[in-house]
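In: A predicted structure for the sequence below; I have some questions about it.
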Amino acid sequence: MALYALVDANNFYASCEKIFDPALTDTPLVVLSNNDGCIVARSAEAKALGIPMGAPMHQWQAFCDAHGVISKSSNYTLYGDMSARMLSILQDMCPQVESYSIDESFLDLAGYADARAYGLRIRKRLQQDIKITCGVGIGATKTLAKFANHLAKKQAEFAGVCQLSASTCARTQALMAAYPVAEVWGVGRQLSARLQADGVETVLDLARCDPLAIKQRYGIVLAKTVRELRGEPCLTLEDVGRPKQQIIASRSFGSTITDPNAIKAAISHHVSRAAEKLRAQQGQCAHLYVMLRTNPFREQDTQYRRSILVPLAQASADTGLLLAAAMRGLKQIFVPGLRYHKCGVMLGEISLMSQQQTDLFAPVDDPKRLRLMGLMDRINRDQGAGTLQFASTQLSNTWQMRTGNRSPRYTTCWDELPIAYA
Amino acid sequence: MNSIIGKPLIPFIRRRFAFFDALIPAGFPSPAADYVQNTIDLHERLIHNAAATFFVRASGDSMRDAGIVDGSVLVVDASRPPVSGHIVVACLDGKYVVKRLHHSQGRVELHSENSLTPYPVLRPSTDLQIFGVVTSHIVEHLKKPRKG
């Protein structure tokens, strides 16, 4: 019988911040988005104060000051490293792991005699080894595991690990009846409003729907969800490291930008990052998108947003070639005089480098260039990101984001290690 | 970004090359060819559990008799259960400290090791949060010169 677990770290970003600075142990703490704009993570203490997820920081600044709430710029270097540690521990404990997001993974526990006991062991090990507290939800399907995970975190009696037995069992039905349908994985705000209008209020109501009727009215995706809630697996574990079909690199600027050189520098930076990721998965892309837009929240500004697809003559992973293509695209969509807020690139139509189809008339990626790219990636990996860059990334740095209060990169940088007093 | 201890996630290729594995183009075959070994890998020796190992900078001289001086890099294994006699990184009054752990008559004590300057024995009142066990430490006597 199929059995899945979802392991999800509690307040992951906030916890990462607290691990290496014990002075913050009981302090309410929030983590801000890129550019310090919105609250993207809250510690348990900050949640208890009623600070909502996603709130704009400028609206909550006074409140945070009054209540001694510490705010941190996001430190993705730190979170990424802690996430990799978490994943490697889970992979050590279970052969089948799907990394679903930076702080959640699905595990295939089919065949484990006492899955709940194993869930407790996983939770204890993560707590001991990396000081991260997790909730573990276990169920016959991924959707049930996700719901069980929610229960594990919300209801103290589960001690962080909740295993849902078959959806026909009275206890499971009682739990399902106690939560609104919006708590089901994949049921968003709009969908739950429609469901409620149809009289489907709770998780149990949805589980009792007829999958065929749901398929006709809402489509196949929700029908699968219903079947999953009834304990019939429709979603399987997706392999870790499956190559991505698209690679996106984009970011808002630290402040509004009018200078075309600053935008060129930002685009160059994004192309470099995306191309590096592309090469890391042995990929090559056949086209790229360039995106550029103004700030929709600044209503006083002239609004503009455009993206353009730039096809490549030949699939490539050469940063130089991709940069040239991106600059051609940017030239076409850039309108002088506007106040820009965000730009980005997306690499598409990705294939494996080994499957290069040579067009009779198109140039092939020069093996020398590929060796050069490999060398550049290795140097940047060994000596720190950005050690070796294309010159166009250096045209300007005014686009860089604000990270006013970023904590040290405790686990990845020799000069920023945590301190222990002797 | 390169993780200091996350290395095993990236293959070991970079650090594990053999000394003499190249073919000799012509002439007499190398008598060492049958004795090729991996190079010595400090990481392999000092990191017992990569995912749970953290590097921590020591500040202060209270542990100098244990060889830990101001600026030493402590290799800390958070997965290892601490026992009496281990050097540990523990949380005390909102700070991490590095001390020798002692269990005496059911009480937990943290001892310094400095015969020149006496430091008081710390007796944490509540239950002590131990971050991890110090498995080794690194003292750099010369900084690595920058290439080029």
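Out: That came through, no problem. Residues are numbered from 1 along each chain as shown, chains lettered A, B, ... in the order given.

In: where does pLDDT dip in chain B?
Out: Where chain B drops to pLDDT under 70, the residues are B:1-26, B:148.

In: quick one, domains of it?
Out: B:7-46, B:51-138 (automatic domain parsing).

In: compare those domains and report which one is nearest to A:Ser88.
Out: domain B:51-138 (4.6 Å; CB to CB). (C-beta placed from N, C-alpha, C; glycine too.)

In: right, so of the domains of chain B, which gets closest to A:Ile89?
Out: Using CB to CB, the nearest of the domains of chain B to A:Ile89 is domain B:51-138, at 5.0 Å.

In: tell me which of the domains of chain B is the most buried.
Out: Stretch with highest mean neighbour count among the domains of chain B: domain B:51-138 (a mean of 17; mean count of other CB atoms under 10 Å in any protein chain shown).

In: got the end-to-end distance for it?
Out: End-to-end distance of domain B:51-138 (CA to CA, to the nearest Å): 19 Å.

In: the domains of chain B: which one's closest to chain A?
Out: If you check each of these against chain A by CB to the nearest CB, domain B:51-138 wins as the nearest, at 3.7 Å.

In: next one: the closest one to chain centre, how far?
Out: The chain centroid and the centroid of domain B:51-138 are separated by 13 Å under CA atoms, centre = their mean, to the nearest Å.

In: what of stretch A:18-32?
Out: Relative to the centre of its chain, stretch A:18-32 is centred 22 Å away, using CA atoms, centre = their mean.

In: stretch A:33-40 now?
Out: On CA atoms, centre = their mean, the centre of stretch A:33-40 falls 15 Å from the chain's centre.

In: quick one, strands of chain B?
Out: For chain B, the strands defined by DSSP state E occupy B:53-59, B:73-77, B:87-92, B:95-104, B:107-111, B:129-138.

In: circling back to that earlier point, export the domains of chain B to JSON lines and tack on distance to A:Thr387?
Out: Putting these into JSON lines (distance: least, CB to CB, whole Å) gives the following:
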{"stretch": "domain B:7-46", "distance to A:Thr387": "15"}
{"stretch": "domain B:51-138", "distance to A:Thr387": "21"}
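
In: now tabulate the strands of chain B in TSV and tack on distance to A:Gln127.
Out: Converted to TSV, the strands of chain B look like this (distance: least, CB to CB, whole Å):
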stretch	distance to A:Gln127
strand B:53-59	15
strand B:73-77	15
strand B:87-92	14
strand B:95-104	18
strand B:107-111	20
strand B:129-138	12
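
In: reformat these as a markdown table; add distance to chain A.
Out: As requested, those are arranged in a markdown table below (distance: least, CB to the nearest CB, whole Å):
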| stretch | distance to chain A |
| --- | --- |
| strand B:53-59 | 4 |
| strand B:73-77 | 6 |
| strand B:87-92 | 4 |
| strand B:95-104 | 4 |
| strand B:107-111 | 11 |
| strand B:129-138 | 7 |
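
In: give me the pLDDT value at the spatially closest residue to A:Pro260 that is not a sequence neighbour.
Out: Among residues not flanking A:Pro260 along the chain, A:Phe334 sits closest, at 6.1 Å (CB to CB, 6 or more residues apart in numbering or on different chains). On pLDDT, A:Phe334 comes in at 92.
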